[in-house]
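1. What shape does this take:
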Amino acid sequence: MRLCRSLPCRTSLYKISPCGTSLALPCVVGEWSHWSGCAEQCQPDLRIRRRYIQQEPKNGGEACPALEEKAGCLEYLTYQGEDCGHEHVPAFITTSEYSKERKRRAASSLEPSDKEAAGYCVEFKTESLSHHCALENRPYARWMQYLREGHTVCVACQPPAMNTDTHRCSGDGHNADGSKILHWEAVGNSQCQGTWKKIRQLEHCSCPLVHSFIFT
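-> Numbering: from 1, shown residues only. The predicted model follows:
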């Protein structure tokens with residue numbers, strides 16, 4: 001028969017166990033697997049990673065942690081390697097005044113560059129926006145106060161925001177009809193965001209300055 005003192009037996013890195021009782025063993029799991037690819041191409045979906053149990057808990061040991069994790073994802077290429085999915089990306093916009101700074105920097109650049117592709121303009125009708133836009137009062141971000149529901153706005157696509165291969169800007173609503181809800185977000189305040197619908201694409205923007213923006 002095993003003789004014990006009144007104090008419990010101490011068991012290495014595991015729980016303190018009274019003498020005569022079985023050792024409590026925690027659950028042991030392996031490393032996470034690599035993330036899977038998106039379940040579907042060209043639309044927001046989920047990717048998954050898993051890990052597996054190497055030792056089940058025993059005698060009241062610590063239970064196993066989560067064995068599966070999921071995260072959002074969006075694939076921009078079809079299985080055939082064609083571009084897709086860009087309509088689900090929000091349009092990141094800023095004031096059209098920023099385009100003047102872009103042109104100034106481009107003009108002062110000493111590096112030779114190929115002839116830039118001509119830009120274009122997209123008209124949208126704003127459908128919704130968060131209240132954070134109207135609250136913005138920092139000097140460089142006051143343009144957000146002029147975003148209003150129901151107004152028509154112009155957004156210019158210009159280099160370097162324009163993709164050099166597709167000659168398009170992300171979030172421009174390419175191929176979207178007038179009924180599709182698209183998302184936008186103000187650069188400089190991620191809480192200032194909303195939705196709009198595409199009206200049409202034009203060569204040049206003609207909206208008032210306070211309703212004129214650029215893709216970034």
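2. can you pull out the strands in the chain?
-> For the chain, applying DSSP state E gives strands covering 28-29, 45-50, 53-55, 68-73, 91-95, 120-129, 152-157, 182-186, 193-202, 212-215.
3. and these as JSON lines, adding mean pLDDT?
-> Supplementary listing: the strands of the chain in JSON lines, determined by pLDDT from 0 to 100:
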{"stretch": "strand 28-29", "mean pLDDT": "97"}
{"stretch": "strand 45-50", "mean pLDDT": "87"}
{"stretch": "strand 53-55", "mean pLDDT": "96"}
{"stretch": "strand 68-73", "mean pLDDT": "83"}
{"stretch": "strand 91-95", "mean pLDDT": "92"}
{"stretch": "strand 120-129", "mean pLDDT": "97"}
{"stretch": "strand 152-157", "mean pLDDT": "97"}
{"stretch": "strand 182-186", "mean pLDDT": "94"}
{"stretch": "strand 193-202", "mean pLDDT": "96"}
{"stretch": "strand 212-215", "mean pLDDT": "94"}
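4. For these, please prepare CSV with the additional fields distance to Asn175 and mean neighbour count.
-> Every residue, glycine included, has its C-beta placed from N, CA and C. As requested, those are exported to CSV (distance: least, Cβ to Cβ, whole Å; neighbours: other Cβ atoms under 10 Å):
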stretch, distance to Asn175, mean neighbour count
strand 28-29, 45, 14
strand 45-50, 20, 15
strand 53-55, 47, 12
strand 68-73, 22, 12
strand 91-95, 14, 22
strand 120-129, 12, 19
strand 152-157, 15, 22
strand 182-186, 11, 21
strand 193-202, 10, 17
strand 212-215, 16, 24
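5. can you list these in CSV and add distance to Gly37?
-> Formatted as CSV, the entries for those read as follows, by distance: least, Cβ to Cβ, whole Å:
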stretch, distance to Gly37
strand 28-29, 23
strand 45-50, 7
strand 53-55, 25
strand 68-73, 8
strand 91-95, 25
strand 120-129, 31
strand 152-157, 30
strand 182-186, 24
strand 193-202, 28
strand 212-215, 28
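6. Give me the distance between the spatially most central residue of the chain and Asp172.
-> Closest residue to the average C-alpha location of the chain: Val89 at 7.9 Å, with Cα atoms, centre = their mean. Note on Val89: its distance to Asp172, by Cβ to Cβ, to the nearest Å, is 10 Å.
7. Relative to Ala176, how far out is the residue nearest to Gly171 when sequence neighbours are not counted?
-> Once flanking residues are discounted, Gly171 sits nearest to Ala91: 2.9 Å by Cβ to Cβ, 6 or more residues apart in numbering. Spatial separation of Ala91 from Ala176 under the definition Cβ to Cβ is 11 Å.
8. before we move on, what about Thr78?
-> With Cβ to Cβ as the criterion, Thr78 and Ala176 are 18 Å apart.
9. Likewise for His183?
-> When distance is defined by Cβ to Cβ, His183 is 11 Å away from Ala176.
10. Glu203 too?
-> Applying Cβ to Cβ, one obtains 19 Å for the distance of Glu203 from Ala176.
11. So which of these two has more stuff around it?
-> Set side by side, Glu203 and Ala176 give different neighbour counts by other Cβ atoms under 10 Å, the larger being at Ala176 (14 against 8).
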